[in-house]
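# sequence first, predicted model second:
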Amino acid sequence: MANRSKTSRFILLIFAAILLSGCVTFYNPATERKETLLINTDTEVALGRDMDRQLQNELKILHDSRMEYRLDNIGDRVATASDRQDLVYHFRIVNDKEFNAFAVPGGFVYVNSGLIETATDDELASVVGHEIGHIAARHSVKRLQATLGYQIIMAIAFGGSNNATVSQAIDIVFQLVSLGYSREDEFLADKLGVKYAKKSNFNPYGMVTFFEKLKREQEKSLNFNIVFLSSHPPIEERIRNVQNQIAANP
């Protein structure tokens, strides 16, 4: 019995060593904390590339040169000001009138055409900054890591998975953005959106005016559902939080 117990502990130690060998420990300036992840940047980009490829097949991606130029120009400026420079950011336009935007791992940001048409440059910069904030803080990566597990993620990232597995990862990200990130994650993404908009020479108050615009739209229709309002913090609290962030860093 003692020998079997020693063998079991040895196997567990070997398994832990293999698992931990893939860990990456680093200081994340976006969260201002030291973090340990199983998913490094190369793996995240590979995962995001697969998800982006499938999303472009499933969503109605709009190719409008004028809108693409505006989104890319604003997006590139904000991305350059972000805390995460180990990614190449990509911006897609989804042909949808709802005021939605979301991001998937690896630097891929999707913004609905209705939002782009309605938002000012300052507001659009704040929205993009918010989504890049989620990427910089690795919010969706952490959720995927906790939900899917290391082996499945590695299989997706390095081509050992099928479309069903990639779809599973996409479903988790969609569920995450649809139901809302945690209260802490949303407040942090708002804070980073203000920070990145300001550093890229946009007016960070655009996030306040955008939230107010969303609130008015929501009041017009009971069925109005958007990612930015589907999180735990109420919109009024998020507006106050953003105003405090701007006032603290004039």
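Yep, it's here. Numbering: from 1, shown residues only.
# quick check: His139 touching Glu184?
No - taking contacts as C-beta atoms under 8 Å, His139 lies outside contact range of Glu184: 9.7 Å. Just so you know, the C-beta spots here come from the backbone N, C-alpha and C atoms, and that holds for glycine as well.
# these two: who's more crowded?
Neighbours were counted for His139 and for Glu184 using other C-beta atoms under 10 Å; His139 has more, 24 against 13.
# in contact with the residue nearest to the more buried one when sequence neighbours are not counted, which residues?
Nearest residue to His139, sequence neighbours excluded (C-beta to C-beta, 6 or more residues apart in numbering): Asp185, at 5.0 Å. Residues near Asp185 by C-beta atoms under 8 Å, 6 or more residues apart in numbering: His134, Ala137, His139.
# let's have these in a markdown table, adding secondary structure and distance to Val78.
Formatted as a markdown table, the contacts of Asp185 follow (DSSP: H, G, I helix; E, B strand; the rest coil; distance: C-beta to C-beta, whole Å):
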| residue | secondary structure | distance to Val78 |
| --- | --- | --- |
| His134 | helix | 13 |
| Ala137 | coil | 15 |
| His139 | helix | 17 |
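# and the helix or strand harbouring Thr25, average pLDDT?
If you go by DSSP states H and E, Thr25 is part of strand 24-28. Averaged over strand 24-28, pLDDT sits at 87.
# who does that strand pair up with?
strand 33-37 (antiparallel) (DSSP bridges).
# which SS state does Gly193 fall under?
helix (DSSP: H, G, I helix; E, B strand; the rest coil).
# that one contacts Val127, doesn't it?
Yes - using C-beta under 8 Å, Gly193 is in contact with Val127, at 7.3 Å.
# what's near enough to touch Asn249?
Val194, Lys195, Lys198.
# most neighbours among those residues, which one?
Highest count within the contacts of Asn249 by other C-beta under 10 Å belongs to Val194, 28 neighbours.
# could you point out where this structure is predicted with low confidence?
Along the chain, the parts satisfying pLDDT under 70 run over 1-23, 149-167, 169-170, 173-174, 176-180, 221-232.
# what ranges does it have for its helices?
Secondary structure of the chain by DSSP state H: the helices cover 2-20, 41-58, 65-80, 113-118, 121-136, 139-148, 150-157, 163-179, 183-199, 206-220, 235-248.
# flag every buried residue along the second one.
Spelled out, it's helix 41-58. Thr41, Thr43, Glu44, Val45, Ala46, Leu47, Gly48, Arg49, Asp50, Met51, Asp52, Leu55 (16 or more other C-beta atoms under 10 Å).
# how about the shortest one?
For helix 113-118, the buried set under the neighbour-count rule, 16+ other C-beta under 10 Å, comprises Ser113, Gly114, Leu115, Ile116, Thr118.
# can I get the residues you listed in a markdown table with distance to Ile61?
Listed next are the buried residues of helix 113-118 as a markdown table, based on distance: C-beta to C-beta, whole Å:
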| residue | distance to Ile61 |
| --- | --- |
| Ser113 | 10 |
| Gly114 | 14 |
| Leu115 | 15 |
| Ile116 | 13 |
| Thr118 | 19 |
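# and of those, the nearest to Ile235?
Leu115 (15.7 Å; C-beta to C-beta).
# the nearest residue to the closest one once chain neighbours are set aside: how many residues sit nearby?
In space, and not counting its chain neighbours, Leu115 is closest to Phe99: 4.6 Å by C-beta to C-beta, 6+ apart. Burial of Phe99 is recorded as 25 neighbouring residues (other C-beta under 10 Å).
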